[in-house]
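Enquirer: Let's see this in three dimensions:
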Amino acid sequence: MTLDVTARPQRTVLGKSASAVFLAGVVVVLAAASVTIGSRDVGLDDIVAALGGSTEGFDRAAVATRLPRTALALLAGAALAVSGAVMQGVTRNPLADPGILGVNMGASLAVVSGIAFFGLASATSFVWVAIVGAGLTAVFVYTIGSLGRGGATPLKLALAGAATSAALISFVSAIALPRGDIAGGIRSWQIGGVGGAVFDRIWLVLPFLVVGFAVCWVSARGLNTLALGDDLAAGLGERVALTRATASIGAVVLCGAVTAITGPIGFVGLVVPHVVRLLTGADHRWLLPLSALGGAALLTGADILGRIVARPAEIDVGIVTAIVGAPFFIYIVRRRKVSAL
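Expert: Residues are numbered from 1 along each chain as shown. Alright, predicted model coming up:
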């Protein structure tokens, strides 16, 4: 019950480059649509004026609101997709995803606890606390999933992550419900969304995302070696434990930083890497950057869809990604041959 990545047809550099150009084009189109489409559609003149700093009139004010929202959707989608791809590579588990493994909820519990018990209020403190919570949860889930015969199998990791996530959701509810002063904001944040984004918060989280992307990119070649198995990777001179730890840190930083400002958004890190592998193969040097483009496209597209299906109201992007991702998760689970990468 394994998936032999070496059996996949090799993609040419030209084909991979074409895929990258295609995904980049999709991202550009969706970003433009995200600024234009909403409860109130706007024209090019208003977009240009808003980019120049003018917020006079409803249309230009709408553009000024959508610009940071679009930027956050692009960054968050890219970060979650890369985080998922790295987690899948580190664990050789096709079911790995920040949401499924409970990492998102670990970050959420840490932020909620910080707000309720320590009076955290600044965006920077949210990011640090979320990263710590995400890291501790990742270690806990991997440890639980590694117990017993066979080590950290995909099924055991998925079950450990699901159980941990359910427990953490209960803890979040137990903390928030008695606190009427914060319960409303926490419930809204727990759904996961990019509405209400402002550039000030994006600038605060951007350094964490840059570091996370850089660490993951540096680990790409090592992840390719880990795909061969720990014993063979060690025989080839790869420092398996160091490579796995480094890549995991990058994934946790990306997941924690995004969760701190958007709330837990699931399934982006599951769906996107699987789709991108169909275009580029399993080489992480291509998989990671193209997953970033694919994640940006998916989350931005989901945000646009959430704005237009229930006009003038909106559906949070976390709900849309769950609707898309849950059937995909079931499909992956039912493919018995795909139990390891």
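Enquirer: Please name the nearest non-neighbouring residue to the most centrally placed residue in the chain.
Expert: Nearest to the geometric centre of the chain sits residue 80, at 1.5 Å (C-alpha atoms, centre = their mean). Leaving aside its chain neighbours, residue 80 sits nearest to residue 268 (4.1 Å; criterion: C-beta to C-beta, 6 or more residues apart in numbering). In short, each C-beta sits where N, CA and C put it, glycine included.
Enquirer: show me the contacts for the residue nearest to the centre of the chain.
Expert: Residue 80 makes contact with 98, 254, 255, 258, 265, 268, 269, 295, 299, according to C-beta atoms under 8 Å, 6 or more residues apart in numbering.
Enquirer: same question, residue 304
Expert: Residues in contact with residue 304 (C-beta under 8 Å, 6+ apart) are 30, 33, 34, 37.
Enquirer: What are the buried residues along the strand or helix carrying the residue nearest to the centre of the chain?
Expert: According to DSSP states H and E, residue 80 maps onto helix 58-91. Using 16 or more other C-beta atoms under 10 Å as the test for burial, helix 58-91 gives 59-91.
Enquirer: and after that helix, which helix or strand comes next?
Expert: helix 103-118.
Enquirer: what angle do that next one and helix 58-91 make?
Expert: Here helix 103-118 runs at an angle of 110 degrees relative to helix 58-91 (axes from the mean of the first three to the mean of the last three C-alpha atoms, to 10 degrees).
Enquirer: how about helix 103-118: buried residues?
Expert: 103-116.
Enquirer: Any chance of the residues you listed in JSON lines with pLDDT and distance to residue 124 as columns?
Expert: Below are the buried residues of helix 103-118 laid out as JSON lines (pLDDT from 0 to 100; distance: C-beta to C-beta, whole Å):
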{"residue": "103", "pLDDT": "92", "distance to residue 124": "20"}
{"residue": "104", "pLDDT": "91", "distance to residue 124": "20"}
{"residue": "105", "pLDDT": "92", "distance to residue 124": "22"}
{"residue": "106", "pLDDT": "94", "distance to residue 124": "19"}
{"residue": "107", "pLDDT": "93", "distance to residue 124": "15"}
{"residue": "108", "pLDDT": "92", "distance to residue 124": "17"}
{"residue": "109", "pLDDT": "93", "distance to residue 124": "19"}
{"residue": "110", "pLDDT": "94", "distance to residue 124": "14"}
{"residue": "111", "pLDDT": "92", "distance to residue 124": "12"}
{"residue": "112", "pLDDT": "92", "distance to residue 124": "17"}
{"residue": "113", "pLDDT": "92", "distance to residue 124": "17"}
{"residue": "114", "pLDDT": "91", "distance to residue 124": "12"}
{"residue": "115", "pLDDT": "89", "distance to residue 124": "14"}
{"residue": "116", "pLDDT": "87", "distance to residue 124": "18"}
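Enquirer: Would you reformat the residues you listed as JSON lines and include distance to residue 157?
Expert: Formatted as JSON lines, the buried residues of helix 103-118 follow (distance: C-beta to C-beta, whole Å):
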{"residue": "103", "distance to residue 157": "12"}
{"residue": "104", "distance to residue 157": "15"}
{"residue": "105", "distance to residue 157": "15"}
{"residue": "106", "distance to residue 157": "14"}
{"residue": "107", "distance to residue 157": "18"}
{"residue": "108", "distance to residue 157": "20"}
{"residue": "109", "distance to residue 157": "19"}
{"residue": "110", "distance to residue 157": "21"}
{"residue": "111", "distance to residue 157": "24"}
{"residue": "112", "distance to residue 157": "25"}
{"residue": "113", "distance to residue 157": "25"}
{"residue": "114", "distance to residue 157": "27"}
{"residue": "115", "distance to residue 157": "30"}
{"residue": "116", "distance to residue 157": "30"}
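Enquirer: quick one on the thing from earlier: enumerate every residue touching the residue nearest to residue 80.
Expert: By C-beta under 8 Å, 6+ apart, the residues touching residue 268 are 77, 80, 81, 84, 97, 295, 298, 299, 321, 325.
Enquirer: same thing with residue 318?
Expert: 191, 192, 193, 262, 263, 264, 265, 266.
Enquirer: gap between the fifth one and residue 36?
Expert: What that stands for is residue 263. According to C-beta to C-beta, to the nearest Å, residue 263 and residue 36 sit 25 Å apart.
Enquirer: So for those two, which sits in the more crowded spot?
Expert: Using other C-beta atoms under 10 Å as the criterion, residue 263 and residue 36 rank with residue 263 on top: 22 against 18.
Enquirer: Pretty sure the more buried one sits against residue 190.
Expert: Yes: the pair formed by residue 263 and residue 190 meets the contact definition of C-beta atoms under 8 Å, at 5.7 Å.
Enquirer: so what sits against both of these two?
Expert: residue 108.
Enquirer: Output the below-cut-off pLDDT ranges for this protein.
Expert: For the chain, the stretches flagged by pLDDT under 70 are 1-11, 39-41, 43-62, 150, 152, 335-341.
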